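Q: what shape does this take:
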Amino acid sequence: MEATIGRKQRDLPPVPSQITGEIEARLIALACSKPPEGRSRWSLRLLEKHVALTEGIVDLDHSTIGRVLKKRNFVLT
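A: Numbers count the residues shown, from 1 in each chain. Here you go, the predicted model:
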């Protein structure tokens, strides 16, 4: 007698990700660019502010930006 309970396989994730390859590339390009005047380097919060002002990129939280950069082994220096 088989008494196991099987899990139903999901077709798609419950919430589609806002982060596409294009957004990742634009975010990394921004992080690689020269920081704003008066700053010596980019911070996650500073990137968050600039992403909000950039057209074509959805507003992202600093923690989301950090996860994207970490996923690509990008270190802010």
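Q: tell me the contacts of the closest residue to residue 35 other than its chain neighbours?
A: With sequence-adjacent residues excluded and distances taken as Cβ to Cβ, 6 or more residues apart in numbering, residue 35 is closest to residue 42, at 5.1 Å. All C-beta atoms are positioned from the backbone trio N, CA, C, and that covers glycine. Contact partners of residue 42, counting by Cβ atoms under 8 Å, 6 or more residues apart in numbering, are 30-31, 35, 76.
Q: again, but for residue 54
A: 26, 30.
Q: pLDDT weak spots in the protein?
A: Applying pLDDT under 70 to the chain picks out residues 1-4.
Q: for the protein, which segments are assigned as helices?
A: Ranges of helices in the chain, per DSSP state H, are 21-32, 44-53, 62-71.
Q: tell me how far the second one lies from the chain's centre.
A: Computed by Cα atoms, centre = their mean, to the nearest Å, the chain-centroid distance of helix 44-53 equals 12 Å.
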